[in-house]
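Trainee: Give the three-dimensional model of this entry:
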Amino acid sequence: MKIQDIRTDYKLASLEIENVQPNPIEQFKIWFEEAIKDQVLEPNAMVLSTVDANLQPHARVVLVKDISESGFTFFTNYQSNKGQELSQNSAACLTFFYPQMERQIRIEGSVSKISREESDLYFQSRPLGSKIGAWVSEQSKKINSRAELEQKQAELEKQYSEKPIPIPEYWGGYLLKPNMVEFWQGRSSRLHDRILYELDSSKNWQISRLSP
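Mentor: Take a look at the predicted model:
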């Protein structure tokens with residue numbers, strides 16, 4: 001089959017502006033719960049897009065770990081590429097895609113670090129292997145082999161076999177506070193439903209429909 005012949009005609013649902021919540025976080029939670037109910041694989045997986053100092057965009061999949069009225073929280077190594085990019089430019093975008101539900105959500109806003117106490121609270125809730133992994137990986141740095149990681153992993157497992165694992169100083173959470181959220185529902189003949197939330201100067205959400 002040719003690439004140009006791969007297509008899907010979306011027919012599962014519609015999205016009407018009069019039916020959405022006045023706040024995009026509440027609308028997101030509805031779609032998120034529906035994704036869980038439909039057993040979407042990793043519904044908390046999202047594409048995080050950032051821009052470096054040379055205005056080169058970068059994207060990767062990360063996991064959202066908290067959704068609140070303040071925004072969307074994720075965790076990473078502050079010294080990683082994305083951490084360095086966010087230190088240079090706090091503007092970022094999150095994209096959720098639920099193909100089996102024919103839905104996409106785009107979220108744009110500004111990112112800031114959460115408190116050290118909040119990061120530590122989440123870190124201590126992680127499985128043992130994930131805690132060790134945060135210490136093992138100098139994320140985004142070039143290495144000679146996987147054996148280096150496995151050796152460091154074994155050393156740290158021995159070191160912390162009988163004592164708590166502390167949170168690394170270079171690891172923690174970020175909060176993306178949205179100023180734009182778009183909900184996309186696939187429709188037939190590419191006439192998709194797109195509902196846009198924009199934060200105005202008074203910090204109120206304005207809702208509009210976009211042409212597909």
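Trainee: Please make it C-alpha for all contacts and neighbour counts, starting now.
Mentor: OK.
Trainee: so which strand or helix has residue 183?
Mentor: strand 171-185 (DSSP states H and E).
Trainee: right, I mislabeled it, should have said residue 134
Mentor: Using DSSP H and E, residue 134 sits within helix 128-136.
Trainee: And the contacts of that helix?
Mentor: Contacting residues not belonging to helix 128-136 are listed as 77, 123, 124, 149, 152, 153, 156, 157, 165, 167, 168, 171 [Cα atoms under 8 Å, 6 or more residues apart in numbering].
Trainee: Grab the nearest non-local neighbour of the residue nearest the centre of the chain.
Mentor: When the chain is reduced to its mean C-alpha position, the closest residue under Cα atoms, centre = their mean turns out to be residue 46, at 4.0 Å. Counting by Cα to Cα, 6 or more residues apart in numbering, residue 46 lies nearest to residue 96, which is 4.8 Å off, once chain neighbours are set aside.
Trainee: Give the partner strands of the host helix or strand of the one you found in its sheet and their orientations.
Mentor: With secondary structure defined by DSSP H and E, residue 96 is part of strand 91-98. Strands adjacent to strand 91-98 in the sheet, as given by DSSP bridges, are strand 45-51 (antiparallel), strand 103-113 (antiparallel).
Trainee: Might you specify the subset of the contacts of helix 128-136 located within strands?
Mentor: Among the contacts of helix 128-136, the residues falling in strands (DSSP state E) are 77, 171.
Trainee: between the contacts of helix 128-136, which is closest to residue 87?
Mentor: Of all the contacts of helix 128-136, the one with the least separation from residue 87 (Cα to Cα) is residue 77, at 12.1 Å.
Trainee: Beta-bridge partners for the closest one, please?
Mentor: When bridges are assigned using DSSP bridges, the partners listed for residue 77 are residue 171.
Trainee: residues in contact with it?
Mentor: By Cα under 8 Å, 6+ apart, the contact set of residue 77 is 83, 134, 138, 139, 170, 171, 172.
Trainee: Would you format those residues as JSON lines with distance to residue 183, pLDDT and neighbour count included?
Mentor: Supplementary listing: these in JSON lines, determined by distance: Cα to Cα, whole Å; pLDDT from 0 to 100; neighbours: other Cα atoms under 10 Å:
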{"residue": "83", "distance to residue 183": "27", "pLDDT": "97", "neighbour count": "22"}
{"residue": "134", "distance to residue 183": "33", "pLDDT": "96", "neighbour count": "18"}
{"residue": "138", "distance to residue 183": "35", "pLDDT": "92", "neighbour count": "15"}
{"residue": "139", "distance to residue 183": "32", "pLDDT": "93", "neighbour count": "16"}
{"residue": "170", "distance to residue 183": "34", "pLDDT": "97", "neighbour count": "14"}
{"residue": "171", "distance to residue 183": "31", "pLDDT": "98", "neighbour count": "19"}
{"residue": "172", "distance to residue 183": "29", "pLDDT": "98", "neighbour count": "24"}
